[in-house]
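Participant: Next one to model:
(one chain, ligands or ions: 2)
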Amino acid sequence: MSRECTFLVVGGGIAGVSCAESLAICASNASILLLTECSIVKSVTNLVPVARYLHKFDVREKNVSELGAGITTIVDQLEHINSSEHWARTKTGVVIKFRYVCLCTGGAPKLISSRQEQHADRIIGIRDTDSVLELQRRLASAKDVVILGNGGIASELAHELHDVNVHWVIKDGHISATFVDPGAAEFFQLANTETEGQVDAAATAIKRMRYGELLPRQEEKLQLQSKRGAALGPDWHRNYDLSGGDGGGSPKLPKVYYKSHITQIEQSPNGSTLQVTLKHDDDSEQPEQINCDFIVSATGVQPRHDFTTDVPLELAEDGGINVDEMMRTNLCDVYAAGDVCTAAWMPAQHWFQMRLWTQARQMGSMAGRSMAALHDGETVYQDFCFELFGHVTQLFGFPVVLLGRFNGQGLGRDYELLVRCTRNKEYIKFVLQNGRLRGAILIGDTDLAETCENLILNGTDLEPYGDDILNPDIDIEDYFD
Ligand SMILES: Cc1cc2nc3c(=O)[nH]c(=O)nc-3n(C[C@H](O)[C@H](O)[C@H](O)COP(=O)(O)OP(=O)(O)OC[C@H]3O[C@@H](n4cnc5c(N)ncnc54)[C@H](O)[C@@H]3O)c2cc1C
Ligand SMILES: NC(=O)C1=CN([C@@H]2O[C@H](COP(=O)(O)OP(=O)(O)OC[C@H]3O[C@@H](n4cnc5c(N)ncnc54)[C@H](OP(=O)(O)O)[C@@H]3O)[C@@H](O)[C@H]2O)C=CC1
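Facilitator: Ligands and ions are numbered 1, 2, ... in the order given. Next up, the predicted model:
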């Protein structure tokens, strides 16, 4: 069997769907084919600008057949791409001739189990709906769970798991190090301790739009059982009961093992649990042992490109497919976007790549516009969203906005920090270099996102204002707008 199209987009995650939707707008007369291995796809709805570069949005899951007019779909797995002859082959043997192709095949959890094969079945990762159902199944009878990692997933699970002893093993000296500094981490922990037992997830006020995931219909669930789907996204845990087997006991805070590494994983003598040995960076402490039912390896993302190509794709050190500012790979007419790719262009002063929902959407749209422009012989420039890093999320029940080089990334030691903290209410950190704002962490309902965005982009000299810039009696939002 064979198919033909002008634009082939591979992957039904946010990058692939954004790419196909932007092609449908920019090249409405061309044929667009979306190839994805799962019949459930992700799309962005209710896009609301928070500031110039920051957006809130809902993410919907829908059936691939519900994609907008102008996009045809095929549910299958990409197996091979011949870029010189412009065709692709799927696992079931369908040959697709294309003019341009965009690879949006996402990522897979980078599990520690690869080094611990014998216990692989007790080390799980979280990526898609299937993996959460697996987590739920294991939790139901679990008493102790180890979470390894200190990024987005670990931070969410440490907050969301209930009725189970959570052992959180981190390499760093403070929690959630991927996103926040030690001060903000302490802010979260204090708030958590002081509200222990009163946490009502449903009542938590979030400024960001809710993730409106539709639970798959029964027949779609059946299809999902055998196929990996797109990554989960914002607020995914609201749709699942993540209670352990401890049966409604009093809520417990996770036990955090700072600056620790797992050195050994063994079966316990009775065979029912795992025995995990930890080594502390500080060798003065004895190795520690934890007994647990299973380990969640929340240790990052591995870009996923398990198909072959006629000419090797150029990969970055992190395994992503290198792309330039137009989202082009090293292969002729082959583009890539989202978690599968690595930004190999010279980044703007205030932007860097993180594998996030927002960037998957921005890259997917950019790839679509870029391919359409080439097809129409037009010139297109890189979108302004790549000027400034921005992330709107929620951590430990607080709304969080991260802007620019929010943790001083790439600034060496040549920067100052200005912090304002109101216990259980807000934590604001400004990263200043030569008197200019280079990044910010805004936790709580600060209403400062747009002001900070402007200050970073305009390079306003804040030296004359000294510490008053964060004086609670001065309304800097009014002052600078
Ligand atoms: C638990 C969890 C929570 C998260 N929370 C947030 C958050 O709060 N905020 C945020 O910004 N980001 C969050 N992220 C990250 C965000 O979900 C990802 O960055 C984003 O979804 C990546 O989108 P993508 O389209 O590049 O990849 P994916 O969503 O992984 O989509 C890839 C698609 O390609 C398909 N595919 C793969 N290989 C093939 C093939 N060979 N043939 C055909 N199809 C194929 C897959 O089935 C899938 O449909 C979270 C991620 C996880 C796992
Ligand atoms: N709210 C949000 O925005 C959320 C975003 N996400 C996104 O989903 C994706 C997957 O999340 P996640 O898996 O948490 O990935 P992250 O990249 O966010 O975090 C991975 C964490 O694991 C640590 N790590 C890596 N390897 C090891 C190891 N061998 N032993 C111990 N620790 C290790 C990393 O440390 P180091 O950095 O030092 O290597 C880092 O702390 C990410 O792209 C993330 O940004 C997920 C959930 C929520």
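Participant: Which helix runs longest in the protein?
Facilitator: Among the elements of type helix in the chain, defined by DSSP state H, the one spanning the most residues is helix 357-375.
Participant: helices or strands up against that helix?
Facilitator: strand 7-10, helix 14-26, strand 55-63, strand 100-103, strand 334-336, strand 390-395 (3 or more Cβ pairs under 8 Å, 6 or more residues apart in numbering; DSSP states H and E). C-beta here means a position set from N, CA and C on the backbone, and glycine is covered the same way.
Participant: ok, and what's touching stretch 119-126?
Facilitator: If you take Cβ atoms under 8 Å, 6 or more residues apart in numbering as the criterion, stretch 119-126 is touched by 108-113, 116, 131-132, 134-135, 138, 153, 157, 232, 265-267, 274, 293-299.
Participant: Please identify the buried residues of stretch 37-48?
Facilitator: For stretch 37-48, burial by neighbour count (16 or more other Cβ atoms under 10 Å) applies to 37, 38, 39, 40, 41, 42, 43, 44.
Participant: With distance to ligand 2 and secondary structure added, can I get these in JSON lines?
Facilitator: Formatted as JSON lines, the entries for these read as follows, by distance: Cβ to the nearest ligand atom, whole Å; DSSP: H, G, I helix; E, B strand; the rest coil:
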{"residue": "37", "distance to ligand 2": "20", "secondary structure": "coil"}
{"residue": "38", "distance to ligand 2": "18", "secondary structure": "coil"}
{"residue": "39", "distance to ligand 2": "23", "secondary structure": "coil"}
{"residue": "40", "distance to ligand 2": "18", "secondary structure": "strand"}
{"residue": "41", "distance to ligand 2": "18", "secondary structure": "strand"}
{"residue": "42", "distance to ligand 2": "14", "secondary structure": "strand"}
{"residue": "43", "distance to ligand 2": "18", "secondary structure": "strand"}
{"residue": "44", "distance to ligand 2": "15", "secondary structure": "strand"}
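Participant: mean pLDDT for the helices and strands packed on helix 357-375: which is lowest?
Facilitator: Comparing mean pLDDT across the helices and strands packed on helix 357-375, the lowest value falls on strand 55-63: a mean of 83.
Participant: Point out the other helices and strands that it packs with.
Facilitator: In terms of contacts (3+ Cβ pairs under 8 Å, 6+ apart), strand 55-63 is packed against strand 40-49, helix 357-375.
Participant: Give me the angle between the shortest one and strand 55-63.
Facilitator: Between strand 40-49 and strand 55-63, the angle comes out at 160 degrees (axes from the mean of the first three to the mean of the last three Cα atoms, to 10 degrees).
Participant: Can I get strand 40-49 in PDB, CA atoms only?
Facilitator: What follows is strand 40-49, C-alpha atoms only, in PDB (Å, rounded to 0.1, in the frame of the first residue of the first chain):
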ATOM      1  CA  ILE A  40      -5.100   9.600  20.900                       C
ATOM      2  CA  VAL A  41      -3.400  12.900  20.100                       C
ATOM      3  CA  LYS A  42      -2.700  16.000  22.100                       C
ATOM      4  CA  SER A  43      -3.800  19.500  21.200                       C
ATOM      5  CA  VAL A  44      -3.600  23.000  22.700                       C
ATOM      6  CA  THR A  45      -6.900  24.900  23.400                       C
ATOM      7  CA  ASN A  46      -7.800  28.100  25.200                       C
ATOM      8  CA  LEU A  47      -4.500  29.700  24.500                       C
ATOM      9  CA  VAL A  48      -4.400  32.900  26.700                       C
ATOM     10  CA  PRO A  49      -1.400  35.200  26.700                       C
END
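Participant: Spell out which parts of the chain neighbour ligand 2.
Facilitator: 112, 148-154, 156, 171, 177-178, 298-301, 354-356, 393 (Cβ under 6 Å from any ligand atom).
Participant: just checking: which of those residues also lie near ligand 1?
Facilitator: Of these, the ones that also sit near ligand 1 (Cβ under 6 Å from any ligand atom) are 152, 153, 355, 356, 393.
Participant: Most neighbours among the residues you listed, which one?
Facilitator: Counting by other Cβ atoms under 10 Å, residue 153 has the largest number of neighbours within these, with 23 neighbours.
Participant: Return the residues in contact with the closest residue in space to it that isn't next to it in sequence.
Facilitator: Spatial nearest neighbour of residue 153, excluding adjacent residues (Cβ to Cβ, 6 or more residues apart in numbering): residue 298 at 3.8 Å. With contact set as Cβ under 8 Å, 6+ apart, residue 298 has these partners: 109, 125, 126, 147, 148, 149, 151, 152, 153, 154, 157.
Participant: Find the residue ranges of the stretch 51-200 of the chain scoring beneath the pLDDT cut-off.
Facilitator: 113-118, 195-200 (pLDDT under 70).
Participant: What is the burial count for the nearest residue to residue 231 once chain neighbours are set aside?
Facilitator: In this structure, residue 231 finds its nearest non-sequential neighbour in residue 127, 5.5 Å apart by Cβ to Cβ, 6+ apart. Look at residue 127: counted by other Cβ under 10 Å, it has 21 neighbours.
Participant: cool, and residue 270?
Facilitator: 7.
Participant: quick one: it and residue 291, what's the gap?
Facilitator: Applying Cβ to Cβ, to the nearest Å, one obtains 10 Å for the distance of residue 270 from residue 291.
Participant: What residues does the stretch 1-150 of the chain have near ligand 1?
Facilitator: Close to ligand 1, as judged by Cβ under 6 Å from any ligand atom, the stretch 1-150 of the chain has residues 10-16, 35-38, 77-78, 104-107, 126-127.
Participant: Taking the stretch 51-200 of the chain, what residue is nearest to ligand 1?
Facilitator: residue 106 (2.2 Å; Cβ to the nearest ligand atom).
Participant: wouldn't that residue be in contact with residue 10 here?
Facilitator: No: with contact defined as Cβ atoms under 8 Å, residue 106 does not reach residue 10; the gap is 10.0 Å.
Participant: between these two, who's got more neighbours?
Facilitator: It is residue 10, of residue 106 and residue 10, that has more neighbours when counted by other Cβ under 10 Å, with 30 against 27.
Participant: which residues touch the more buried one?
Facilitator: Contact analysis of residue 10 by Cβ under 8 Å, 6+ apart lists 16, 34, 35, 36, 78, 88, 101, 102, 103, 104, 105.
Participant: Report the spatially nearest residue to the first one, omitting neighbours in sequence.
Facilitator: If you skip the residues right next to it in sequence, residue 16 has residue 104 as its closest partner in space, 3.5 Å away by Cβ to Cβ, 6+ apart.
Participant: isn't that neighbour right up against residue 21?
Facilitator: No: with contact defined as Cβ under 8 Å, residue 104 does not reach residue 21; the gap is 11.9 Å.
Participant: In which helix or strand does residue 159 reside?
Facilitator: The secondary structure element spanning residue 159 is helix 152-160 (assigned by DSSP states H and E).
Participant: show me the contacts for the residue nearest in space to the middle of the chain.
Facilitator: Here the mean C-alpha position of the chain is nearest to the C-alpha of residue 356 (Cα atoms, centre = their mean), at a distance of 3.4 Å. Applying Cβ under 8 Å, 6+ apart to residue 356 gives the contacts residue 391.
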